[in-house]
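here's a sequence, model it:
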Amino acid sequence: MEYIQLTKENIEAEHICCAISNNRDPQVASKKAWLNERFDDGLVFLRAKERGKCFIEYIPAEKAWLPVRADNYMHVDCFWVSGSFKGHGYADELLSRCIADAKDKGKSGLTVLSSPKKMPFLSDPKYLAHKGFQVADTAQPYFTLLYLPFDDSAEKPCFLPCSQVNKEGFDLYYTAQCPYTAKYVPLLKKIADEKGVPMTVTQITSAEQAKKAPLPFTIFSLFYNGEFITHEILSEKKFTEILTKLIQE
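Reported below is the predicted structural model:
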């Protein structure tokens, strides 16, 4: 498989895998703008030359948008191989390239956000365990920080303390790191407003802000009356179902 690395010079002409559309799509525009601002932080976005969901995105952990302490590690933001790309060894190739790049840059290892069992938007723990990743730390309700140290002297990474959320109505925290938030966050806010349910929407706009987030998954975290609901980016239908159920309780 041939791979393409996105850069400031080619990003406008290249697709970003998880939202295959033209640059006028707000999802694509949002994600590309976010990537453009992260390239100077050392972010790498490597994808298959063919169009589809086959890519890995990683960044020095000090610049990663989540509450972790992982000095001199490289953090894998997103690692996705699906559909017709599965079963051909492409995931192994992408991960190997990431490891080689991190070693070339003198990093101590890799970190990645996962969970005890496979969940949407989180990296597959079974596959990563097979590749040698270990559990470095855990955070409620089900997040795990996995790490792959390159030598025995590498310091074990950990989660940072999380902040508190408001106690009334919905609280939604999100970033532009995933293109789907650009579409769905405004739609969910509109539904809550139409139902007369309080909803505070907070966009995380920097790594520093993300380090103080209420959950390790900063891309999308929904709370209701201070209680965590989900990290999965919701469609209008799913959010309406959740909202209706919570109001009735």
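
now do the buried residues in stretch 98-113.
Within stretch 98-113, the residues scored as buried using 16 or more other Cβ atoms under 10 Å are 98, 99, 102, 107, 108, 109, 110, 111, 112, 113. Every C-beta, even on glycine, is put in place using the N, C-alpha and C of the backbone.

out of these, which sit inside strands?
Within the buried residues of stretch 98-113, residues falling in strands by DSSP state E are 109, 110, 111, 112, 113.

so residue 143 makes contact with residue 218?
No: the pair residue 143 / residue 218 is not scored as a contact, 11.1 Å apart, by Cβ atoms under 8 Å.

more neighbours: the two, which one.
Set residue 143 next to residue 218 and count neighbours by other Cβ atoms under 10 Å: residue 218 wins out with 25 against 21.

give me the domain ranges for the chain.
3-159, 170-248 (automatic domain parsing).

got those as JSON lines, with mean pLDDT columns?
JSON lines is the format used below for the domains of the chain (pLDDT from 0 to 100):
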{"stretch": "domain 3-159", "mean pLDDT": "93"}
{"stretch": "domain 170-248", "mean pLDDT": "94"}
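
ok, so of the ones in strands among the buried residues of stretch 98-113, who is nearest residue 8?
Nearest to residue 8 among those, counting by Cβ to Cβ, is residue 110 at 24.3 Å.

ok so, going back, quick one: the ones in strands among the buried residues of stretch 98-113 as TSV, columns for distance to residue 54 too.
Shown next, in TSV, are these (distance: Cβ to Cβ, whole Å):
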residue	distance to residue 54
109	24
110	19
111	22
112	17
113	20
